[in-house]
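*Asks:* predicted model and sequence below, questions to follow.
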Amino acid sequence: MTASSVSSRKVLSKIATNRLQKELTEWQINPPSGFTHKVTDNLQRWVIEVNGAQGTIYANEKYQLQVDFPENYPMEAPQVIFLHPAPLHPHIYSNGHICLDILYDSWSPAMTVGSICISILSMLSSSTVKERPEDNDRYVKNCRNGRSPKETRWWFHDDKV
């Protein structure tokens, strides 16, 4: 996210604030296995540490997710990206953008940060190869100047990974 988009971001609605406070409280009581929320005073941006699942090609590796919540969360999906360095994965671009349908077209207000994390860990765990998407270089080049992954028209065609 660019500095200008951070400063122009709208304040969370009361519904979003209440929902996020509830999710954060539930997370503190019962965090999803393999994830740690890095505590800050910013409810609108969460940084979450991801531990690769044992028995997978990502075992013993750690990554960080940045979750930015829109003003009308949960009616709109949060923006979720991997911070640098992003894991090598066929659905994760080197700029941290994630090609995962629940973050875009298949989002539901019933989903939570925890369910997003579980889906991302499942996506990582099912991969048998560590490689970037075929169009990584072209995509990343087109995303310069702070383009959000939510501005991308994703094509969800590969459910093997």
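*Replies:* Looks like it came in fine.

*Asks:* ok, Leu65 - contacts?
*Replies:* Leu65 sits next to Trp46, Val47, Ile48, Glu49, Val50, Val80, Ile81, Phe82, Leu83, Cys117, Ile120 when contact means C-beta atoms under 8 Å, 6 or more residues apart in numbering. For glycine as for every other residue, the C-beta is placed from the backbone atoms N, C-alpha and C.

*Asks:* okay, helices next: where are they in the protein?
*Replies:* Here the chain has its helices, by DSSP state H, at 3-8, 14-29, 113-126, 136-142.

*Asks:* and among these, the most buried is which?
*Replies:* Across those, averaging neighbours per residue (mean count of other C-beta atoms under 10 Å) puts helix 113-126 on top, at a mean of 18.

*Asks:* and Phe69, its phi and psi?
*Replies:* Backbone dihedrals for Phe69, given as degrees, to the nearest 10, come out at phi -100, psi 130.

*Asks:* quick one: pLDDT of the residue lying closest to it once chain neighbours are set aside?
*Replies:* Once its chain neighbours are removed from consideration, Phe69 has its nearest residue in Pro78; the separation is 4.8 Å (C-beta to C-beta, 6 or more residues apart in numbering). Here, the pLDDT recorded for Pro78 equals 97.
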